[in-house]
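Participant: Structural data only, the sequence is not supplied:
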């Protein structure tokens, strides 16, 4: 730019010179040319001063210098270090280390500003909901499929036992096999005379499908347990009828909270299939929810099956409402079926431990029931007692022990359930038809179970437990006078 301006000025000076003529270039023209040249140089200087100066790297001499070197590969392939450029530069100030930390998802969502959900986010939420709905539908289909697989032979695994007074009511009978033996399992309370004619007897009939036709065949109760304790009893079939049955396998696996179970039985004489889940358990039974619309009568005796179709419990009763919880049902542990079978082969003898607070407090036989308990202090003084008129309650006894921490001894009174014979006159008094009588094994009499809690019962036993030493006493402590 500077050279261009000078060139233009020279042209102007030449033009002035030509105007004056070759011989007439006098002092005035020369002065004018010098003046113009000075002005031009002055303008050029101003232009130069307005231009931004080129910045060149400034080096500072410091005690700390760094030599910039560059490694260049040699022709032989080895690394050699050769100085390429050397300068003294000011070291860069060190940058403070960045503070880093790990955030959990909860902290991240709390500390990160939440933007409005995008279209993709809304779409993902909708997809997740649809997947959850499909999963629920899939579980329902699996349960239905499981139900169908159970029902394939369930009609030969769970039988219907109509009451002696007609077809509208009855009980369910679960068929099981242990070793090479086949048994039926019924609720013991079905053999009691507590509800008029709503009971079975020691000999009764069940419906079996034979060659496509439902036939009624006789069975016999061979081992019992009290309704107030285990509440299950064994029945035997005739050898010629067993080939038409499809027995189920018994499982003694422990229950898990929330475990899904399946039940098939006869409610009001109609085939009924339900699913239920475990919500509590005790020494004698497991508690589940149950939802059966309409009449539930007759469902007792039905099995509680696991996902593999094995019997884990036998349904023995339902409470319509327990506090705020509706439809609470109970099942006797299937492991007690094996105990009954042992008693059947050992003249009625088979014992189990009565456990409370993880302590064995008594050893009782399968046909025994607890009719009362007593608490004594260290001096042998009676401080509490309770007669049990119905189902034995572990929680009731546990509460009594908590209310009397000074108790030193616990005494449990047990009795045995027994058969009681009834004559046919009771049926005639209630207008039972002759056809019904003919369906009994012995139309002149029948046998029912009874828990005799009175003084006439000769089967009374006393079981003593020392609460301080946590040991079972072989006999009544000498300090206690009764």
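Facilitator: It's in. The model shown is predicted, which means the values in this text are computed figures rather than measured ones.
Participant: residue boundaries of the strands in the stretch 251-400 of the chain?
Facilitator: With DSSP state E, counting those that start in this stretch as the criterion, the stretch 251-400 of the chain has strands at 260-267, 270-281, 285-289, 303-305, 311-322, 325-333, 351-356, 359-365, 368-376, 382-387.
Participant: buried sites along stretch 358-373?
Facilitator: Applying a neighbour-count criterion of 16 or more other CB atoms under 10 Å, one finds 361, 362, 364, 365, 366, 367, 368, 369, 370, 371, 372, 373 buried in stretch 358-373. Glycine gets a C-beta too; all of them are placed from N, C-alpha and C.
Participant: before we move on, back to that, now the strands of the stretch 251-400 of the chain in TSV, with distance to residue 158 and mean pLDDT?
Facilitator: Shown next, in TSV, are these (distance: least, CB to CB, whole Å; pLDDT from 0 to 100):
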stretch	distance to residue 158	mean pLDDT
strand 260-267	5	87
strand 270-281	9	85
strand 285-289	17	89
strand 303-305	7	93
strand 311-322	10	84
strand 325-333	14	83
strand 351-356	26	94
strand 359-365	29	94
strand 368-376	27	95
strand 382-387	37	94
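Participant: nearest to residue 458, of those strands?
Facilitator: Residue 458 sits nearest to strand 368-376 of all the strands of the stretch 251-400 of the chain, at 13.3 Å, using CB to CB.
Participant: Counting by contacts, list what the closest one packs against.
Facilitator: The contact analysis (3 or more CB pairs under 8 Å, 6 or more residues apart in numbering; DSSP states H and E) places strand 368-376 against strand 382-387, helix 394-403, strand 409-416.
Participant: now, among the buried residues of stretch 358-373, which is nearest to residue 451?
Facilitator: Among these, and counting by CB to CB, the member closest to residue 451 is residue 369, at 6.1 Å.
Participant: Tell me the secondary structure at residue 477.
Facilitator: coil (DSSP: H, G, I helix; E, B strand; the rest coil).
Participant: ok, it to residue 121 distance?
Facilitator: Distance from residue 477 to residue 121, counting by CB to CB, to the nearest Å: 74 Å.
Participant: swap in residue 396?
Facilitator: 56 Å.
Participant: about what we covered before: most tightly surrounded among the strands of the stretch 251-400 of the chain?
Facilitator: Of all the strands of the stretch 251-400 of the chain, strand 303-305 carries the top mean neighbour count, a mean of 27, counting by mean count of other CB atoms under 10 Å.
Participant: neighbouring contacts of it?
Facilitator: Residues outside strand 303-305 that contact it (CB atoms under 8 Å, 6 or more residues apart in numbering) are 150, 157-158, 174, 248, 261-265, 276, 286, 288, 311-315, 331.
Participant: make it 6 Å
Facilitator: Strand 303-305 is contacted from outside by 174, 261, 262, 263, 311, 312, 313, 331, using CB atoms under 6 Å, 6 or more residues apart in numbering.
Participant: Pull up the pairing partners for that strand, direction included.
Facilitator: Next to strand 303-305 in the sheet, as set by DSSP bridges, lie strand 260-267 (antiparallel), strand 311-322 (antiparallel).
Participant: Distance to residue 281 added to the ones you listed, as CSV?
Facilitator: Formatted as CSV, those follow (distance: least, CB to CB, whole Å):
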stretch, distance to residue 281
strand 260-267, 12
strand 311-322, 9
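Participant: picking that back up, right, so of the strands of the stretch 251-400 of the chain, which gets closest to residue 137?
Facilitator: strand 270-281 (15.2 Å).
Participant: Give the pairing partners of the closest one; include direction for each.
Facilitator: Using DSSP bridges, strand 270-281 pairs in its sheet with strand 260-267 (antiparallel), strand 285-289 (antiparallel).
Participant: As TSV, those with distance to residue 223 would be great.
Facilitator: Formatted as TSV, those follow (distance: least, CB to CB, whole Å):
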stretch	distance to residue 223
strand 260-267	21
strand 285-289	19
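Participant: list the contacts for residue 416?
Facilitator: Contacts of residue 416 (CB under 6 Å, 6+ apart): 367, 368, 459.
Participant: Setting aside sequence neighbours, what's the nearest residue to it?
Facilitator: When the adjacent residues along the chain are set aside, residue 416 lies closest to residue 459, with 3.9 Å between them (CB to CB, 6 or more residues apart in numbering).
Participant: Give me the distance between that neighbour and residue 192.
Facilitator: From residue 459 to residue 192 the distance is 17 Å (CB to CB).
Participant: out of those two, which sits in the busier spot?
Facilitator: residue 192 (19 against 13; other CB atoms under 10 Å).
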